[in-house]
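K.L.:
Okay, here's the prediction I keep looking at, along with the sequence it came from:
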Amino acid sequence: MEKLVLTHLQKIYTQNKKTVIHDFNLSVRDGEFIVFVGPSGCGKSTLLRMIAGLEDITSGELFLNGKKANRLPAKDRNLSVVFQNYALFPHLSVFENIAFGLRIRHYPKQKVNEAVYNAAEMLGLQRLLHEKPKQLSGGQRQRVALGRAIVRQADLFLMDEPLSNLDAKLRTQMREEILNLHQKLETTTIYVTHDQVEAMTMATRIVVLKDGRIQQIGTPKQIYTAPANTFVATFIGMPQMNVFHAAGSDSARWDDFIPLSLKKSDSYTQGRVLLGIRPENILVAADGLPVTVNYAELMGADTYVHGEIAGTDKQIVIRCEPDRDFCSGETVYVRFPEDKCHFFDAESGKRLTIEAAAYEA
Amino acid sequence: MRHRMQGFGSFALFIGVPVIPLIVFWFIPMFVSLWLSFTDWDYISPEIHYVQLDNYVTVLKSPDFLGALWNTFFFAFWTTVPTLIIGFLLALLLRVQIKGRPLFKALIFSPWVTPMVAMSIVWSWIYEPKIGLLNQFLGWLQLPQPEWLQSSTFAMWAVIIVTVWKSVGWCMIFYCDALGKISDEFIDVCKLEGATIWQCIRKLYLPLVSPITLFLAVTLIISAMQAYDQIQVMTQGGPAGSTRTLLYLYYQMAFQQFNMGQATAVAIILVIITAVISLIQFRLSKYWVHY
C-alpha cells in the first residue's frame, strides 16, 4: 500500500518568488526507508517540512494513507519528526521530553509511563530518564529525540539530518541503531541527509535532489551503478566518478577504451559524449593510458591515487589496493573496462547507453 | 622588583580607579546613613545625640511607616506583575512577522527613554478629572469618571498605570530578545503535537524565558521600591498618604520634617527589605528558572 504519494508538488516562496521545489513526484510504500539526498540548498528539508505540514504546499497534491492531506494540520498527520538539532526542551527531563507529545494530547498517565518506559528500554535510556538534555552526550540526545518519535506510534517518521551533529564514530553507531529501529518498528521513514554514505547504507530507495528537482529515484545499487546523469554520477561515490569528454581533442587517447560502435557515431566524433568511470573500476596495468601521479592518499583499506592523464591537464583519481606504493611524478598505465564505463550526453548530462551514445544524434 | 611594581600599577589602575567612586558615593554614604539612623540629627543643628535603636522602634511602631510599607508592597506588586505580563504578551505578539514591526516596537519602547518627570506631568494632565483625556474618553464610553489623582482610592492606581506604561516597553525588548533566541524547531515540535497557544506558553515560552523573567522581576521590584519621581510630580504622597511609599516617607521625614535620624532608619529598613526580597527571589528561582 502507498503510504505517501506526492504528485507535481511545487513550492514557491512568496517573499522572493523563488521556486525551491519543482514538479516533485514520489510514491512511498508502507515500511520503506526513503532517503532524500542532495547538496545544501537543494530543497530536501523544505520538502520534508511540506510533508510534515510545517510548510505550505504551493501546488500539487500530497496524499497520506490514500487521503489528500495538502491542508491537513501537522498535528493531524500522525507523523513524527526528528530534527537536526534534536529539539529537546532544555528545561524538561529525558522522561518529560519523550512524553511531551503524549502529555500535550492528554494521554492518561499510565499510558504515558508505559510508552516512555518501553521507548527508553528500546533505546537504552532507562538510566537517563531523570537527566536534563544538557547532561547528555550527542548520541544520547539523539536517542531521546528518537524516543519522542517512537512513543507517538506515528504512521511516518521524518528525519531531518539527524546525525549531522555527531562525530564520525557515533554517526556510524547511530546509523546502525536507526536501521535496527526501522527493522523492529517497520515504520515508513523519510530521511534527509547530505551525506551520501548515510543514503547508500540506510535507504530502501534514494531520491537524489538538486536545485529542487529530482535527479534520480532508485535503490542505492541502481543509483551507484546506473546514475541517471553526471550530477548523480559525481555526487554519489567517494572519491567521485571521473568524467571526461569522450572525444574531441582527446579522442586519440580514449580510442582503446571506447566501444567501436560508439566511435563510429556522430555524437562521439562531435564531442557530445561524456565518459565516466569510477575510481575503483580503473585498472592499473602494464600498458594503457599513461597517467602521471601527483600524490597518493593511503586510506587504510585503499589508496587513492590522484594524477593527471599524461600530456593533458585532465585530473583522474584511481582507487588501488593499499599494498602498492606510488611516487609523485611516476607514470602508471591504466585501462577502463568497457562494462564499467558510463556515458552521458555532454549537453544535458543525461545517461546514455552505449547504443544510445553511439546512435543518438 | 620592577615586575612587582608593574603589577601594583596595573592593580591600582584597573581595580583602584573604579573602586574610588564606589567608596566615595556608595559605601561612605551608606555607612554615614547607618550611623545617622542611630542619632537624632535634625539636618540643621550641629548637635547630634546617639539614641541607640530608638529611631527604629519609633518608626516600626508608626502608623505612617506601616501605611507606607503596605503602599510600597502594593505598588511593587502591581507594577511588577502587570509589567512582566504585558511586556511578555507584547513580545509574543511581535513574534508575528507584521509590517511596521520595528515602528511598533519603537513606539512601545519610547516611554522608557522619556524622563519620568516629564511623563508624569503629561499624565497629570491626562488624569485631570474634568478636561483630562482619560475621563473624556471614559465619559464617551458612558463609564464612571473618577477623580484620579484627588481620590485616595484611585491615586495609587493612577501612579501604578504610569509606572507600568513606562516600563512595559523596556520589558518587552528583553522578552523579544529572549523569545527570538528560542529555536524554531521547538515551535515546530509544538505544532506537530498540536499544542494550543496556552500549552506553548506554559510548556515552552515561559520556561525558556525564565532567566529573563527573574532578571526583570528583580530589577522591576528594586525600581518600584525606589519610585519617587512620579509620586512627587503627581501626588506628593497624597491624598491622605495613599501614595506614600517608604522612599517618599523617607523624603518627607528627611527634607520636610528634618528628622534625619528616623528618615535614615526608614532608608535602612528599605534597603534591608529590598535585599531580602531579592534574596528570596534568587532562592526561589531554582524552582522555576531554567538556564
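P.N.:
Ah, there it is. In this text the structure is predicted, and so the values were computed from the model without any measurement.
K.L.:
which residues of the chain score low on pLDDT?
P.N.:
Going with chain A. Filtered on pLDDT under 70, chain A yields the residue ranges A:247-271, A:354-361.
K.L.:
meant chain B actually
P.N.:
Chain B contains residues with pLDDT under 70 at B:1-2.
K.L.:
so after the helix ranked longest in it, what's the next helix or strand?
P.N.:
Longest helix in chain B, counting residues (DSSP state H): helix B:63-93. Downstream of helix B:63-93, the next assigned helix or strand under DSSP states H and E is helix B:101-113.
K.L.:
Show me what that next one is in contact with.
P.N.:
Outside helix B:101-113, the residues that touch it by Cβ atoms under 8 Å, 6 or more residues apart in numbering or on different chains are B:90, B:94, B:98, B:119, B:165-170, B:172-173, B:176. Quick note: C-beta positions are derived from backbone N, CA and C, even for glycine.
K.L.:
Check stretch B:72-79 too.
P.N.:
With contact meaning Cβ under 8 Å, 6+ apart, stretch B:72-79 is reached by B:156-157, B:159-160, B:163-164, B:167, B:220-221, B:224-225, B:227, B:243, B:245-247, B:270, B:273.
K.L.:
circling back: and the longest helix of chain B, which residues are buried?
P.N.:
B:65, B:67-69, B:71-76, B:78-80, B:82-84, B:86-88, B:90-92 (16 or more other Cβ atoms under 10 Å in any protein chain shown).
K.L.:
and if you look at stretch A:157-177?
P.N.:
Result for stretch A:157-177 [16+ other Cβ under 10 Å]: buried residues A:157-163, A:166, A:170-171, A:174-175, A:177.
K.L.:
Looking at the stretch 1-150 of chain B, what residue ends up closest to chain A?
P.N.:
Here the residue of the stretch 1-150 of chain B nearest chain A is B:Gln97; by Cβ to the nearest Cβ that distance is 9.7 Å.
K.L.:
how close does that residue sit to B:Phe104?
P.N.:
In this view, B:Gln97 and B:Phe104 are 12 Å apart by Cβ to Cβ, to the nearest Å.
K.L.:
Among these two, which residue is more densely surrounded?
P.N.:
Here B:Gln97 and B:Phe104 are set side by side on neighbour count (other Cβ atoms under 10 Å in any protein chain shown), and the busier one is B:Phe104, at 15 against 7.
K.L.:
Can I get stretch B:161-181 in PDB, CA atoms only?
P.N.:
The C-alpha trace of stretch B:161-181 is given here as PDB (Å, rounded to 0.1, in the frame of the first residue of the first chain):
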ATOM      1  CA  ILE B 161      -0.600  52.900  35.500                       C
ATOM      2  CA  VAL B 162       2.100  55.500  34.700                       C
ATOM      3  CA  THR B 163       4.900  53.300  36.100                       C
ATOM      4  CA  VAL B 164       3.700  50.200  34.100                       C
ATOM      5  CA  TRP B 165       3.300  52.300  31.000                       C
ATOM      6  CA  LYS B 166       6.900  53.500  31.300                       C
ATOM      7  CA  SER B 167       8.400  50.000  31.900                       C
ATOM      8  CA  VAL B 168       6.400  47.800  29.600                       C
ATOM      9  CA  GLY B 169       8.400  48.700  26.500                       C
ATOM     10  CA  TRP B 170      11.700  48.000  28.300                       C
ATOM     11  CA  CYS B 171      10.400  44.700  29.500                       C
ATOM     12  CA  MET B 172       9.100  43.900  26.000                       C
ATOM     13  CA  ILE B 173      12.500  44.500  24.400                       C
ATOM     14  CA  PHE B 174      14.100  41.900  26.800                       C
ATOM     15  CA  TYR B 175      11.400  39.400  26.100                       C
ATOM     16  CA  CYS B 176      11.600  40.000  22.400                       C
ATOM     17  CA  ASP B 177      15.300  39.100  22.500                       C
ATOM     18  CA  ALA B 178      14.700  36.000  24.700                       C
ATOM     19  CA  LEU B 179      11.800  34.800  22.600                       C
ATOM     20  CA  GLY B 180      13.900  35.400  19.400                       C
ATOM     21  CA  LYS B 181      16.500  33.000  20.700                       C
END
